[in-house]
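**Student:** Sequence unavailable; structure follows:
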């Protein structure tokens, strides 16, 4: 059996971080979490996850800055922004910076899993 990809969840708030962890873990993914962008950058440099799901609004390093840094450090790692404040211009900015997608907080489990599966299908097999 092939090992599932490694997914990193980055959110400064515990509830969404735990929610995503439990949802993805229940689907058999390998999941790690970080509470902030600095911690996430260290994790990415050591582990090169297949996917990072990051909150947009975090102290110090926000989701867009984290996206840019992850794409520089680990170009094969896909990044999804998970936010309560998403809109069309933000979605376009995420795509312009190399992000894979934007998921609104409040999306259903099925919607989240659909986006995650679709994005992971695009990851080179040596990632994660």
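**Tutor:** Okay, I see it. Note that the structure is a prediction, hence the values are computed from the model and not measured.
**Student:** in stretch 101-118, what's buried?
**Tutor:** For stretch 101-118, a neighbour-count test (16 or more other C-beta atoms under 10 Å) marks 101-103, 105, 112-113, 115-116 as buried. C-beta: built from backbone N, CA, C; applies to glycine.
**Student:** what's the answer for stretch 72-90, then?
**Tutor:** Here stretch 72-90 shows 74, 77-83, 86, 90 as buried, counting by 16+ other C-beta under 10 Å.
**Student:** starting at the chain centroid, how far to that stretch?
**Tutor:** Between the centre of stretch 72-90 and the centre of its chain there are 7 Å (C-alpha atoms, centre = their mean, to the nearest Å).
**Student:** repeat for stretch 90-106
**Tutor:** For stretch 90-106, the distance to the chain centre is 10 Å (C-alpha atoms, centre = their mean).
**Student:** mean confidence score for that stretch?
**Tutor:** Across stretch 90-106, pLDDT averages out at 92.
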